[in-house]
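Participant: just to be clear, the model below is a prediction. Sequence and coordinates:
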Amino acid sequence: MEPGAPYWRPQAEQTFLQRFLNWLEVLDPSVLLASKREIENSRLLLDSLGEPGKGPIQDRKVKEAWALNLSSVHPDTGEVIPIFFRPPALLPAAVPLVLGTLQPPKATSQAMVWQFLFHFYSAGFNISNGNASCMEKVFSQKQTLYCMGAIFYGACAGAIPQFLMNRHKLNTPALQTFFKKFLPVPLFTFLSVFNLVIVRAAEVEKGIQVVDKHGNVIGVSKKAGEKAVKETSISRASLIGTTVLVPNLLTHVLQRIRFIQKSSVILTPIRHIAAVITFGMMIPVSFSLFPQIGTILRTDLEEEIQLSTEETELFYNRGL
């Protein structure tokens, strides 16, 4: 693992709040303005100092270097993550896609386009931020088919509610409410998790590296890969599920207010604002549900790994 990885290594006293505060620093959009040279210089600083010094200036510089590395450099490969797929870029890059996906379309084709764009970006984010300790530098044909399949499946399945309403003329208020406000919550949540699981399937099939507390690679574990994907799936479900639920629930409640009924045009901006705020708040919350550097007991790993170390607990990069 790269120098940034130990920053996320869970400590016994580390809490959800501490991880949340760490993510607030890492998700600062201003770090996206850093050049590649600045990122490389920050890595040199970390390599030379290792730990924050005693002086406040040195501490500040090292802290900024940590944040820049954690937001820009992949912990497994050490390569700079493409700018649009870095964690701080998730909010500005994905918000238009989320709004387009949540906006009830008039045509099935329009719904499919927004779903395709959203799942295309999701696949890119999942690839760029997944565990790459055992990934090939060049995508295999199988991995490419997996990714394209997840994207097209998400685009088609996500447009099903609109297709059914148009095809069968489902215009009653009850059915409109169900297909536009309630069905999208579990459907979009499932499709987002499905995208992540399929795109990162190689981590479960091939396994990921597990290391000891000193960073020494102990072996490659499929069980650790399964745990990493499972934890990240829960994180993603909380992000997308909440982002879809809150605006839909809010507009459903507001529609019952007499003033809103007379000025229903204001529901759309309210819905959009609620979606942006919820999505922005849930990004650090969902990322903080599990430590970035996960832990797994030796007894839960494959037998050959258990025999190769006496450590009771090993570490792995969970990914995002």
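Facilitator: Yep, that arrived. Numbers count the residues shown, from 1 in each chain.

Participant: helices along the chain, start to end?
Facilitator: Secondary structure of the chain (DSSP state H): helices located at 16-26, 36-49, 56-72, 90-102, 108-129, 141-158, 160-168, 173-177, 184-199, 201-206, 222-254, 258-262, 267-287, 303-307.

Participant: Met135: which of those helices is closest?
Facilitator: For Met135, the closest of the helices of the chain is helix 201-206, at 6.4 Å, according to C-beta to C-beta. Where you see a C-beta, it was placed from the backbone N, CA and C, and this is true even at glycine.

Participant: output the contacting helices and strands for that closest one.
Facilitator: helix 222-254 (3 or more C-beta pairs under 8 Å, 6 or more residues apart in numbering; DSSP states H and E).

Participant: now the helix it packs on against helix 108-129, angle please.
Facilitator: If you take axes from the mean of the first three to the mean of the last three C-alpha atoms, to 10 degrees, helix 222-254 sits at 140 degrees to helix 108-129.

Participant: and helix 222-254, what's buried?
Facilitator: 223-229, 231-233, 235-248, 250-251, 254 (16 or more other C-beta atoms under 10 Å).

Participant: what's the angle between that helix and helix 90-102?
Facilitator: Angle, helix 222-254 to helix 90-102, by the same axes, to 10 degrees: 60 degrees.

Participant: starting at the chain centroid, how far to helix 222-254?
Facilitator: Here helix 222-254 is found 10 Å from its chain centre; the criterion is C-alpha atoms, centre = their mean, to the nearest Å.

Participant: which other helices and strands does it contact?
Facilitator: Packed next to helix 222-254, using 3+ C-beta pairs under 8 Å, 6+ apart, are helix 90-102, helix 184-199, helix 201-206, strand 208-211, helix 267-287, strand 293-297, strand 313-317.

Participant: where does this structure have low pLDDT?
Facilitator: 1-13, 49-58, 136-139, 261-264 (pLDDT under 70).

Participant: recalculate using a threshold of 50.
Facilitator: 2-4, 7-8, 10-13, 51-57 (pLDDT under 50).

Participant: hmm, back to that, can I get the helices and strands packed on helix 222-254 in JSON lines with mean neighbour count and distance to Ser71?
Facilitator: JSON lines is the format used below for the helices and strands packed on helix 222-254 (neighbours: other C-beta atoms under 10 Å; distance: least, C-beta to C-beta, whole Å):
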{"stretch": "helix 90-102", "mean neighbour count": "18", "distance to Ser71": "11"}
{"stretch": "helix 184-199", "mean neighbour count": "20", "distance to Ser71": "20"}
{"stretch": "helix 201-206", "mean neighbour count": "18", "distance to Ser71": "22"}
{"stretch": "strand 208-211", "mean neighbour count": "25", "distance to Ser71": "22"}
{"stretch": "helix 267-287", "mean neighbour count": "17", "distance to Ser71": "11"}
{"stretch": "strand 293-297", "mean neighbour count": "18", "distance to Ser71": "16"}
{"stretch": "strand 313-317", "mean neighbour count": "24", "distance to Ser71": "15"}
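
Participant: nearest to Asp76, out of the ones you listed?
Facilitator: strand 313-317 (5.6 Å).

Participant: what's the closest one in contact with?
Facilitator: Here strand 313-317 makes contact (C-beta atoms under 8 Å, 6 or more residues apart in numbering) with 1, 5, 9, 75-76, 131, 133, 208-213, 218, 221, 224-225, 227-228, 292-298, 301, 305.
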